[in-house]
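> Sequence first, predicted model second:
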Amino acid sequence: MILSLYHDLSKVKKWYVNIPADDPVDTDNVTVLYTSEDCDMDEDWEAYEKCFFLPVDKLCNALLEMYEYDFLNAEQCKKLIPWLDEQIRHPNDKRFLPMYKELKDYALKAIEYNTGIGIECC
Amino acid sequence: MTDTKDIFHKNAVTFYEHADETEQDKERIERAQNRESRYNDAWPKVDIEEVRKRYAPKDAQGHKSGYKWVYEDNPKDHNHGYQVVCDMLNGSLRVYLKIPHTKKSKIKHKAVHIEDNSFGDKTNTHYKIKKRNGNDTRRGILKTLENRRRKRIKPKTNGVDNNPPTNGSKQRASDTKHSNKN
């Protein structure tokens, strides 16, 4: 997956309907991270869905799914932190543990900046 | 004549018919519907037949991948060629160019603009599958299901046992869980 941490929402250049969707190439307002889970979304999409997309969508009222993009704002990131803490302690799938840690790191920064994270599920 | 649109529609209907059997399935459907209602107006309409012929001319049949129906000429080649990925839950499609992934970048495909094959991003590479007989959208898929149940026609696809519901024909797909298990 690709995480995009926004530094300042007032500098967003591109909106997708109502969510920030800057292309990182066009701006320095976004820090990008390719997450390092040890799992292939094409081959094991059900693990992504069961362990990550569905719980996060439910928790944060988000729309994450295979091949798609969504943005979690600072409020949604706040809801996510306790869930990520739990997954880091007891991962629902160990292959996702590095990704959970990276996502938590980004979510904390998004809360600090009062911005959010774009998540591209691919 | 059977074509890409018929094949996609037939498979989407078959998939949808059994796509609400678990809580996870229901959540998935809800999510696809939410996405459709959020972005539908932003998606240009395209003819799936034209798109498939351009990007996957040798693969008229396609294959299932999760809740997507995928057309690609060389499914075993993960580094080259295009994929036409159709969402069976909300009737949208995207075209991806497969690229070799590196240690630094794990990206294995990039979405392209159908208009000029240039790389796009999440905001401008979704397309809505154009209707032909009003039956390619999610609403159309549900309508076909309803008509099929009303006529009590047993579908020919996949040999799946799709007994018609016994308590009325105007049930939504999401209401037929128990009927299908008869």
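Sure, I can see it.

> Around chain A, pick out the residues from chain B.
Of all the residues in chain B, those in contact range of chain A (C-beta under 8 Å from any C-beta of the partner chain) are B:24, B:27-28, B:31-32, B:34-35, B:38-39, B:42, B:65-66, B:68, B:85, B:94, B:96, B:104-109, B:121-123. All C-beta spots, glycine's among them, are computed from the backbone N, C-alpha and C.

> Tell me the buried residues within those residues.
If you count burial by 16 or more other C-beta atoms under 10 Å in any protein chain shown, the buried members of the residues of chain B next to chain A come out as B:27-28, B:31-32, B:35, B:39, B:65-66, B:68, B:85, B:94, B:96, B:106, B:108-109, B:121-123.

> among those residues, which are in helices?
Within these, membership in helices is found for B:27-28, B:31-32, B:35, B:39, as judged by DSSP state H.

> what bits of chain B have low per-residue confidence?
Within chain B, the segments meeting pLDDT under 70 span B:1-2, B:102-107, B:132-141, B:144-145, B:148-149, B:151-182.

> Quick one: the helices in it, in order.
In chain B, the segments counted as helices under DSSP H are B:4-17, B:23-39, B:48-55, B:138-151, B:177-180.

> Remind me what the first one packs against, helices and strands.
Packed against helix B:4-17, as judged by 3 or more C-beta pairs under 8 Å, 6 or more residues apart in numbering or on different chains; DSSP states H and E, are the following elements: helix B:48-55, strand B:68-71, helix B:138-151.

> again, but for the second one
The helices and strands touching helix B:23-39, judged by 3+ C-beta pairs under 8 Å, 6+ apart, are helix A:54-60, helix B:138-151.

> what's next to it, contact-wise?
By C-beta atoms under 8 Å, 6 or more residues apart in numbering or on different chains, the surrounding residues in contact with helix B:23-39 are A:16-17, A:49-50, A:54, A:57-58, A:63, A:65, A:68, B:19-20, B:67, B:87, B:89-92, B:126, B:138, B:174.

> Report the distance from that helix to the chain centre.
Relative to the chain's own centre, helix B:23-39 is displaced by 13 Å; criterion: C-alpha atoms, centre = their mean, to the nearest Å.

> need the residues of chain A near chain B, please.
Neighbours of chain B within chain A, by C-beta under 8 Å from any C-beta: A:2, A:14-17, A:21, A:23, A:34-36, A:42, A:45-46, A:49-50, A:54, A:57-58, A:63, A:65-69, A:120, A:122.

> Would you mind checking these for buried ones?
Among the residues of chain A next to chain B, those that count as buried by neighbour count (16+ other C-beta under 10 Å) are A:2, A:16, A:21, A:34-35, A:45, A:49, A:54, A:57, A:63, A:65-69, A:120, A:122.

> Out of these, list just those in helices.
In this view, those that belong to helices under DSSP H are A:45, A:54, A:57.

> now, which of those sits nearest B:D59?
Relative to B:D59, the closest of these is A:W45; by C-beta to C-beta it sits at 19.9 Å.

> residue contacts, the closest one?
Going by C-beta under 8 Å, 6+ apart, A:W45 touches A:66, B:65-66.

> Find me the pLDDT at it, would you?
The predicted local confidence for A:W45 comes out at a pLDDT of 81.

> residues contacting the residue nearest the centre of chain B?
With distances taken as C-alpha atoms, centre = their mean, the residue of chain B nearest its centroid is B:M88 (2.4 Å). With contact taken as C-beta under 8 Å, 6+ apart, B:M88 is in contact with B:8, B:11-12, B:15-16, B:19, B:67-69, B:141.

> Also B:K64?
When contacts are counted by C-beta under 8 Å, 6+ apart, B:K64 is found next to B:11, B:15, B:70.

> Please apply the same query to A:G116.
With contact set as C-beta under 8 Å, 6+ apart, A:G116 has these partners: A:6, A:9, A:20, A:71-74, A:76-77, A:110.

> can you do 10 Å?
Counting by C-beta atoms under 10 Å, 6 or more residues apart in numbering or on different chains, A:G116 makes contact with A:4-6, A:9, A:12, A:19-20, A:71-77, A:106-107, A:110.

> Over to B:T4?
Contacts of B:T4 were listed using C-beta under 10 Å, 6+ apart, and they are B:47-53, B:56, B:59-62, B:69, B:71, B:84, B:86, B:129.

> Now the buried members of those residues.
Among those, the ones that count as buried (16+ other C-beta under 10 Å) are B:47-49, B:51-53, B:56, B:59, B:62, B:69, B:71, B:84, B:86, B:129.

> A:E37 - how many residues pack around it?
For A:E37, the count of nearby residues is 22 (other C-beta atoms under 10 Å in any protein chain shown).

> In contact with it, which residues?
Under the contact definition (C-beta under 10 Å, 6+ apart), the residues listed for A:E37 are A:1, A:47-48, A:51-52, A:93-100, A:102-103, B:106.
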